[in-house]
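Novice: Below is the sequence, then the predicted model.
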Amino acid sequence: MKGSLTMLGMVVGSTLGGIAPSLYGGGIVASLLGGLVGGILGIWAGLRISERVF
């Protein structure tokens, strides 16, 4: 279960991080960097949540 929460966090974080720059008119580079940062933060959040739940 720990791996699935981490994977879910990565998918949600990278998706939101990739979409966010397009809301303010950012280009493809900003979208890629946002997806990378969002994915890393999503992995961190998924690990933290799985530590507290399980």
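Specialist: It's in. Numbering: from 1, shown residues only.
Novice: just checking, what packs against the helix or strand hosting Glu51?
Specialist: Counting by DSSP states H and E, the element that carries Glu51 is helix 28-53. Applying 3 or more C-beta pairs under 8 Å, 6 or more residues apart in numbering; DSSP states H and E, one finds that helix 28-53 makes contact with helix 2-23. In short, each C-beta sits where N, CA and C put it, glycine included.
Novice: follow-up on the earlier one: now the helix holding Glu51: buried residues?
Specialist: Neighbour-count burial for helix 28-53, counted by 16 or more other C-beta atoms under 10 Å, picks out Ser31, Gly34, Gly35, Gly38, Gly39, Leu41, Gly42, Ile43, Ala45, Gly46, Ser50.
Novice: which of the residues you listed lies closest to Gly18?
Specialist: Closest to Gly18 out of the buried residues of helix 28-53 is Gly35 (3.6 Å), distances taken as C-beta to C-beta.
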